[in-house]
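# predicted coordinates and the sequence they were generated for:
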2 protein chains.
Amino acid sequence: MKRTDVNSLGEFGLIDHLTRNYQPKQPSTLKGIGDDAAVIDNGKFKTVISTDMLLEGIHFDMMYTPLKHLGYKAVVVNLSDIYAMNAIPKQITVSIAISNRFSVEALDELYEGIYLACEKYNVDLIGGDTTSSLKGLVISVTAIGQGETDKLVYRNKAKAGDILCITGDLGAAYLGLQILEREKQIYLENPDVKPDLEKQDYLVGRLLKPEARGDMIEHFALANLIPTSMMDISDGLASELYHICSQSDVGAFVEEANVPIHPDTEEQAIKFKFDPITCALSGGEDYELLFTIAESDLEKVQYMPNVAIIGEIVKKEDGIMLHTTGGNIHKLTAQGWNHF
Amino acid sequence: MKRTDVNSLGEFGLIDHLTRNYQPKQPSTLKGIGDDAAVIDNGKFKTVISTDMLLEGIHFDMMYTPLKHLGYKAVVVNLSDIYAMNAIPKQITVSIAISNRFSVEALDELYEGIYLACEKYNVDLIGGDTTSSLKGLVISVTAIGQGETDKLVYRNKAKAGDILCITGDLGAAYLGLQILEREKQIYLENPDVKPDLEKQDYLVGRLLKPEARGDMIEHFALANLIPTSMMDISDGLASELYHICSQSDVGAFVEEANVPIHPDTEEQAIKFKFDPITCALSGGEDYELLFTIAESDLEKVQYMPNVAIIGEIVKKEDGIMLHTTGGNIHKLTAQGWNHF
């Protein structure tokens, strides 16, 4: 019997493969697989659903991930997907599997983070499943949100001439991860050395306790702005931009100089001998929003806080290009975080 | 620091502990934690959401679980929770984590079962997450259904005098599991011995490829019957009855002679030297429905196919009692499947 290694397809290739012949049939399924979240018709409002599974050893390392932060993050990354549809998260379900090495007190910490995220983002925990695992912690969160029919934003409606924007700054979470990995190695080699995390609050915080950009959805509503396409940046800007371009059948032109990088990110990247822009383009887990707007909406974002205009959408045949600060133009390569 | 073993609380104790101070706040959250599924208000219709996580080595054994069956079952057990609310499942999300020992072909088999269940139960697969695991397969399914406000059935509305009913027959899946476990041991001791599954189709089928009782929801609608309480039997009749009684603040009286047991279940139980009624009361994974109806609705179920009247709801102070075929009356003890 034929045996194809799952690694040969990659995550998105695997999803494409497994769903290639599948077509939803329910009239109420407005959007199925392939966006940040699925959309279900409920009359006036639409229900938006997104789900993510986090595994110990794959998505987080218990050596440097406080359980409270982990609970918080597990919720936030799902809310981020709902916001990326221009919808408002309202409820979550949380399923966890734990081995017997976890105590009730450890779970209390995890749930403290979950409840904190519920409080901060105004969502309800409405259910889940609690079971045991042979080894390691597994957390699966499903977020349920509400969107208005004419305001939901997908990945496939970007048009040539649209303006390409992102929120916040990029690359910080990736460097936070590198710092924690370095400290872990030092600790493993010599448990007496204290971790050197001084002045690393911003970078480490971006990794361990990310926030979802619900504030931007409010800004959009206030400015009466509906992006033409949007997704959250979990795998890295370059990778997400490829998704938008592929699904919208367009290309993109990115100005490297306009990609916002926090001073701490820049400084730490240089210390690690990384190119800061590579961290910003390919580092994941920033949970900022990548979105496109019609050119006619330009003034709506020009003075919007936390928004940077980083380029524009072009015709498909023009490809996805990066205009470097050095004056060169080359193809933008996507190196998202691939767990396979 | 205090360390409380999670085993000391049990699954439901743990859930109670983790959610003891939690109150949902969203006006649209009609029902949160504590029933088969959560209920969200969407105007005329209600969205009903349920989620379950299955782990290799805990919930299934890959040695005797064909992947296609596993995919099918992972969907069905979630649909069962939606039906148990007297709602109709419409969509599912499926998240999987796999180690690199799984091939694409193996996943194809798993998804074949998932799609088969979608087809049979008329639900759409609308999303999920696909990631890697260090070891073992994890499947997390969320089912989304639609219910009508006045027809949703919870666990907490059974009243003294109500009639206690179940669908189908009980104990078969438990014996199916015992058969497969026996064959596994024989195989491990001597791989040349062929498994002896002859005439075990029914029992093994009930474990590996359970069906959810969507047919009963249709019967209820046709008969204009709304049960006063309902849940699906995943942990065993005795355990589920305790949930209904505890949440409805009532007791129950069960006639052992009326609990339906399939002839194959009876025969196999005796071969294993088990008491058939114990298998029926405490064996789990039958995915039948346990429900209560008002006495005035009695004639609606009397000739309904696949329904057995097994007793009645009594006052709380009368406890949860079993009237045995031997004429004794004793307390019904719940020995649900506890994964902790």
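Thanks, I have the structure now.

# look up how far chain B lies from the residue most central in space within chain A.
With distances taken as CA atoms, centre = their mean, the residue of chain A nearest its centroid is A:Ser234 (2.5 Å). Counting by CB to the nearest CB, to the nearest Å, the gap from A:Ser234 to chain B is 11 Å. No exception for glycine: its C-beta is placed from N, CA and C like everyone else's.

# what is the neighbour count of the spatially closest residue to that residue that is not a sequence neighbour?
Spatial nearest neighbour of A:Ser234, chain neighbours left out: A:Gly284 (5.8 Å); criterion: CB to CB, 6 or more residues apart in numbering or on different chains. Residues within reach of A:Gly284, counting by other CB atoms under 10 Å in any protein chain shown, total 21.

# A:Gly284 belongs to a helix, doesn't it?
No. A:Gly284 sits outside any helix when classified using DSSP: H, G, I helix; E, B strand; the rest coil, being coil.

# can you give me the strands for chain A?
Along chain A, the stretches classed as strands by DSSP state E are A:29-31, A:38-42, A:45-55, A:88-98, A:124-132, A:138-148, A:163-167, A:229-233, A:250-255, A:288-293, A:307-315, A:320-323, A:329-331.

# where's the nearest residue to A:Ile313 once chain neighbours are set aside relative to chain B, distance?
Nearest non-adjacent residue to A:Ile313, counting by CB to CB, 6+ apart: A:Asp162, 4.1 Å away. Using CB to the nearest CB, A:Asp162 is found at 26 Å from chain B.

# what about A:Asp162, distance to A:Ala294?
6 Å (CB to CB, to the nearest Å).

# same drill for these two, tell me which one is more crowded.
A:Asp162 (25 against 16).

# from memory the more buried one sits against A:Leu290, does it?
No. Using CB atoms under 8 Å, A:Asp162 is not in contact with A:Leu290, being 12.0 Å away.

# chain B contacts on the stretch 101-250 of chain A?
Residues of the stretch 101-250 of chain A found near chain B (CB under 8 Å from any CB of the partner chain) are A:102-105, A:107-108, A:111, A:115, A:122-136, A:138, A:140, A:142, A:144, A:146.

# and the helices in the stretch 201-340 of chain A?
A:201-208, A:214-222, A:237-248, A:263-271, A:276-282, A:298-302 (DSSP state H, counting those that start in this stretch).

# of all the ones you listed, which lies closest to A:Asp36?
Comparing the helices of the stretch 201-340 of chain A by their distance to A:Asp36 (CB to CB), the top pick is helix A:237-248, with 9.6 Å.

# does the residue nearest to A:Ser234 touch A:Ala173 like I think?
Yes. Assessed by CB under 8 Å, A:Gly284 is found in contact with A:Ala173 at 7.0 Å.

# got the buried residues for stretch A:151-169?
Buried residues in stretch A:151-169, counted by 16 or more other CB atoms under 10 Å in any protein chain shown: A:151-158, A:162-169.

# quick one: which of the residues you listed is nearest B:Thr19?
Taking CB to CB as the measure, B:Thr19 lies nearest A:Leu152 of those, at 31.4 Å.

# what sits against that closest one?
Applying CB atoms under 8 Å, 6 or more residues apart in numbering or on different chains to A:Leu152 gives the contacts A:39, A:46, A:48, A:85-87.

# go with 7 Å
Counting by CB atoms under 7 Å, 6 or more residues apart in numbering or on different chains, A:Leu152 touches A:39, A:46, A:85-87.

# got the phi and psi for it?
For A:Leu152, the backbone dihedrals (degrees, to the nearest 10) come out as phi -70, psi 140.

# and it, how close does it get to chain B?
When distance is defined by CB to the nearest CB, A:Leu152 is 14 Å away from chain B.

# now tabulate the helices of the stretch 201-340 of chain A in TSV and tack on mean neighbour count and distance to A:Val6.
Shown next, in TSV, are the helices of the stretch 201-340 of chain A (neighbours: other CB atoms under 10 Å in any protein chain shown; distance: least, CB to CB, whole Å):
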stretch	mean neighbour count	distance to A:Val6
helix A:201-208	20	26
helix A:214-222	18	34
helix A:237-248	22	19
helix A:263-271	18	32
helix A:276-282	22	22
helix A:298-302	14	40
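
# since that was my last question, I'll sign off now.
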